[in-house]
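Asker: Fold the stuff below for me.
(2 chains)
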2 protein chains.
Amino acid sequence: MAQSFALSCPLPITKHKHIVMGHGSGGRLTAQLIHDLFLPAFDNPLLRKLDDQAVLDVAAGRIAFTTDSFVVTPLFFPGGNIGELAVNGTVNDLAMSGARPVWLSAAFILEEGFEMEELSRVVAAMSAAAARAGTAIVTGDTKVVNRRSADKMFITTAGIGEVPEGVAISASAARPGDAVILSGSIADHGMAVLSKREGLELEGEILSDTQPLDRLVAAMLAAAPRAIHTLRDPTRGGLGASLCEIACSSQVGVEIDARAIPVREAVKGACELLGIDPLFVANEGKLVAFVDPAAAAEVLAAMRATPAGRDAVAIGRAVDRHAGMVVMTTEIGGTRIVDLPFNEQLPRIC
Amino acid sequence: MAQSFALSCPLPITKHKHIVMGHGSGGRLTAQLIHDLFLPAFDNPLLRKLDDQAVLDVAAGRIAFTTDSFVVTPLFFPGGNIGELAVNGTVNDLAMSGARPVWLSAAFILEEGFEMEELSRVVAAMSAAAARAGTAIVTGDTKVVNRRSADKMFITTAGIGEVPEGVAISASAARPGDAVILSGSIADHGMAVLSKREGLELEGEILSDTQPLDRLVAAMLAAAPRAIHTLRDPTRGGLGASLCEIACSSQVGVEIDARAIPVREAVKGACELLGIDPLFVANEGKLVAFVDPAAAAEVLAAMRATPAGRDAVAIGRAVDRHAGMVVMTTEIGGTRIVDLPFNEQLPRIC
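Answerer: Numbers count the residues shown, from 1 in each chain, chains lettered A, B, ... in the order given. Below you'll find the predicted structure:
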């Protein structure tokens, strides 16, 4: 069941500083958690009804539907936390279809003993992130597992968005000739989490780029609604994996120039120090677009006029040779094949 | 990101018998897991596109949206497993609004070292359950966490259903005079999980009642579309908690007769042995309905004509006294107040 308790239900008086098994019981402690924490933070008319499901009005057309689980460790990292990530991640997956994100769900798996204060901070961040993207968290669930059966907290969000008429964006829709446009610097999120996790003393602070991309996408669509063929937010696996997937899905070749790809100095330094390739490091607030070349300049200008696309650059193009393969011109002018990473470079990054 | 890999992407040749961190990397091993396991099991045209989101056609009207995480232990129990539960649970939350379940998402959190063979069995059960309810799993996600950071596997499903015109079912819509109808015996699921977990040698086998309730609800709505005021599937917290929630939400009194509530002999015996009140034990294939008394006989007959409602019985009524309170006539003819349980009777039951 999703959860539901009337505002009039009797609640216990005891306050807990830590999550106990009873918070997942479906009884009074669950009701207290909902009323004291989730409802005030996520408050909206749909959630307030507290049925086991939200009932939503839709117009005839197309909706986008997506889900993601978040298991990042540590929960709080420079530039964000698991709650912001969980909302922005689902908002961005919706936006990558051209959809306007509208409704979100949030399901929590909590470890017995998890600090209530940390939960509150995560929930507050989710609430702010949902508002920032113009979305509402309309339904949810909480489960509690015994100590050492989970690592503090996991969050799974799902989302529904409305796809504008005429928009048909897909990883399989890139075409030879398309301009490849990147919305900003890469590898910030992954290196921010890693630096915090490993307690690295780095020169210059590295912040996660976690942010919603719905407005950036709306600006791109407004500029050239039918010219955007493919959008992808390069999270796990980084820009490298996203480009490989698009090349495979669309059966086009992709050629990019490493010298055009922005990487912040501090991130570059940390990657070099640790022997990590920024091309395969997760981003949480960037997108890569395959755009009709005739509209590329216009789309790029529209991107640069938004906060999330300020540093947008063209990094290459799709070609009709070496279908399914990504080839990169390196910093020193050589060429290299970019391949899907086999294994895990940075575990539990999102 | 949700996950996406073209069918044409190169895959590794190695086969793993256990989940490794790389299965959550967003790289080749993730692609292999999707292509070898998830795609063949859940196959449908929407999932096959492997974008980070599914794009769905909707008619103008209302949709229901819900989510639940599943953390049951053990993963396999008499009568079902976590996969079946994850699908049926979300199908049933949708059905409790009167909606026809249509689309599901599935997000997996897997512990490093989890056996691939167990994952396969869970996924096969999900596929069968989704088909049984006429639904499709159209989008998903997989994360892997290191050993001892999760207990084998957790599944979070979300779902979207279509609410028929004119249907307005809610926990807050029960009215004094309504007949309270229960679709069958209580406490089967919780006691099945508990008996397996504790290795109890019980007389008579206890099986979980996990099953989809969408057809039962459709039959009820066909019989008397506007007479169904409230529907609830009494999962965590059992029938007792569901009745308390409805009494509170609708601000009605509820009077039920314990002698009318079916409890299987083996379940009754196990509950007595362990000092557990079946009224608060989870069900995963039952519903309780508050129905206009004028239509109650007709609705009951329609329920009994379906497999999931074969044993449906009237167990009481809503009254206009003691609003928010549930009063039960006991087996020996006394009366007792049924109150929301404070704490956890049976942890990790769903």
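Asker: got a list of what A:Leu182 touches?
Answerer: A:Leu239, A:Ile261, A:Pro262, A:Lys286, A:Leu287, A:Val288, A:Ala289, A:Ala312, A:Val313, A:Ala314, A:Ile315 (C-beta atoms under 8 Å, 6 or more residues apart in numbering or on different chains). In short, each C-beta sits where N, CA and C put it, glycine included.
Asker: So which of the residues you listed is surrounded by the most neighbours?
Answerer: Neighbour tally across those (other C-beta atoms under 10 Å in any protein chain shown): the maximum, 31 neighbours, falls on A:Lys286.
Asker: Quickly find the element holding that one.
Answerer: Using DSSP states H and E, A:Lys286 sits within no helix or strand.
Asker: quick revisit: and which of the contacts of A:Leu182 is nearest A:Pro101?
Answerer: Sorting the contacts of A:Leu182 by how near they are to A:Pro101, with C-beta to C-beta, puts A:Leu287 at the top with 14.0 Å.
Asker: gap between that closest one and B:Met126?
Answerer: Summarising the geometry, the distance separating A:Leu287 from B:Met126, computed by C-beta to C-beta, to the nearest Å, is 31 Å.
Asker: Now do the same for the most centrally placed residue in chain A: helix, strand or coil?
Answerer: Note on chain A: the residue nearest the mean C-alpha position is A:Gly89, at 2.1 Å, using C-alpha atoms, centre = their mean. When states are read from DSSP: H, G, I helix; E, B strand; the rest coil, the local structure at A:Gly89 comes out as helix.
Asker: burial of the closest residue to it other than its chain neighbours, as a residue count?
Answerer: Closest residue in space to A:Gly89, ignoring its immediate chain neighbours: A:Asp68 at 5.1 Å, by C-beta to C-beta, 6 or more residues apart in numbering or on different chains. Residue neighbour count, defined by other C-beta under 10 Å, stands at 30 for A:Asp68.
Asker: Please look at A:Asp68 and A:Asn88 and confirm they touch.
Answerer: No. Using C-beta atoms under 8 Å, A:Asp68 and A:Asn88 do not qualify as a contacting pair, with a distance of 10.3 Å.
Asker: Can you tell me which residues in the stretch 251-350 of chain A are near chain B?
Answerer: A:251, A:280, A:282, A:324, A:339-345, A:347-348 (C-beta under 8 Å from any C-beta of the partner chain).
Asker: residues of stretch A:131-139 that come out buried?
Answerer: Of the residues in stretch A:131-139, A:Arg132, A:Ala133, A:Thr135, A:Ala136, A:Ile137, A:Val138, A:Thr139 count as buried by neighbour count, 16 or more other C-beta atoms under 10 Å in any protein chain shown.
Asker: Please tabulate these in a markdown table, including the columns distance to chain B and pLDDT.
Answerer: Listed next are the buried residues of stretch A:131-139 as a markdown table, based on distance: C-beta to the nearest C-beta, whole Å; pLDDT from 0 to 100:
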| residue | distance to chain B | pLDDT |
| --- | --- | --- |
| A:Arg132 | 19 | 97 |
| A:Ala133 | 15 | 97 |
| A:Thr135 | 12 | 97 |
| A:Ala136 | 11 | 97 |
| A:Ile137 | 10 | 98 |
| A:Val138 | 7 | 97 |
| A:Thr139 | 5 | 97 |
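Asker: Same list (these) but as a markdown table, adding distance to A:Leu50 and secondary structure.
Answerer: Formatted as a markdown table, the entries for the buried residues of stretch A:131-139 read as follows, by distance: C-beta to C-beta, whole Å; DSSP: H, G, I helix; E, B strand; the rest coil:
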| residue | distance to A:Leu50 | secondary structure |
| --- | --- | --- |
| A:Arg132 | 25 | helix |
| A:Ala133 | 23 | coil |
| A:Thr135 | 19 | coil |
| A:Ala136 | 14 | strand |
| A:Ile137 | 13 | strand |
| A:Val138 | 11 | strand |
| A:Thr139 | 9 | strand |
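Asker: Kindly reformat those as JSON lines containing distance to B:Leu221.
Answerer: JSON lines is the format used below for those (distance: C-beta to C-beta, whole Å):
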{"residue": "A:Arg132", "distance to B:Leu221": "39"}
{"residue": "A:Ala133", "distance to B:Leu221": "35"}
{"residue": "A:Thr135", "distance to B:Leu221": "31"}
{"residue": "A:Ala136", "distance to B:Leu221": "28"}
{"residue": "A:Ile137", "distance to B:Leu221": "29"}
{"residue": "A:Val138", "distance to B:Leu221": "23"}
{"residue": "A:Thr139", "distance to B:Leu221": "22"}
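Asker: Near chain B, which residues of the stretch 101-250 of chain A? Just list them.
Answerer: Applying C-beta under 8 Å from any C-beta, one finds that the stretch 101-250 of chain A approaches chain B through A:103, A:105-109, A:138-146, A:148-151, A:154, A:156, A:158, A:160-161, A:163, A:170-172, A:232-233, A:235-237, A:241, A:244-245, A:248-250.
Asker: redo that, cut-off 6 Å
Answerer: When proximity is defined by C-beta under 6 Å from any C-beta of the partner chain, the stretch 101-250 of chain A lies next to chain B at A:105, A:107, A:109, A:139, A:141, A:143, A:145, A:148-151, A:154, A:156, A:158, A:163, A:170-171, A:235-237, A:241, A:245, A:248-249.
Asker: out of those residues, which are buried?
Answerer: Judged by 16+ other C-beta under 10 Å, buried ones among those: A:105, A:107, A:109, A:139, A:141, A:143, A:145, A:149-151, A:154, A:156, A:158, A:163, A:170-171, A:235-237, A:241, A:245, A:248-249.
Asker: Now intersect those residues with the helices, please.
Answerer: Secondary structure assignment (DSSP state H) places A:Ala241, A:Glu245, A:Cys248, A:Ser249 from these within helices.
Asker: Mind checking which of the residues of the stretch 101-250 of chain A next to chain B land in strands?
Answerer: Among those, the subset assigned to strands under DSSP state E consists of A:Ser105, A:Ala107, A:Ile109, A:Thr139, A:Asp141, A:Lys143, A:Val145, A:Phe154, A:Thr156, A:Ala158, A:Val163.
Asker: Check the residues you listed and tell me the two furthest apart.
Answerer: Taking C-beta to C-beta, the two most distant members of these are A:Val145 and A:Val163; they sit 36.4 Å apart.
Asker: Could you pull out the buried residues of stretch A:288-303?
Answerer: A:Val288, A:Ala289, A:Phe290, A:Val291, A:Asp292, A:Ala295, A:Ala296, A:Val299, A:Leu300, A:Ala302, A:Met303.
Asker: Just give me the closest of those to B:Glu203.
Answerer: Checking the buried residues of stretch A:288-303 one by one against B:Glu203 (C-beta to C-beta), the nearest turns out to be A:Val288, at 62.7 Å.
Asker: Domains in chain A, by residue range?
Answerer: Taking automatic domain parsing as the domain assignment, the record places the domains of chain A at A:21-163, A:179-338.
Asker: Out of those, which gets nearest to B:Val180?
Answerer: The stretch from these with the least distance to B:Val180 (C-beta to C-beta) is domain A:21-163; that distance is 17.6 Å.
Asker: tell me the angle of whichever strand or helix holds A:Leu119 relative to strand A:136-145?
Answerer: Secondary structure here is read from DSSP H and E; on that basis A:Leu119 sits in helix A:116-132. Our comparison of helix A:116-132 with strand A:136-145, counting by axes from the mean of the first three to the mean of the last three C-alpha atoms, to 10 degrees, yields an angle of 160 degrees.
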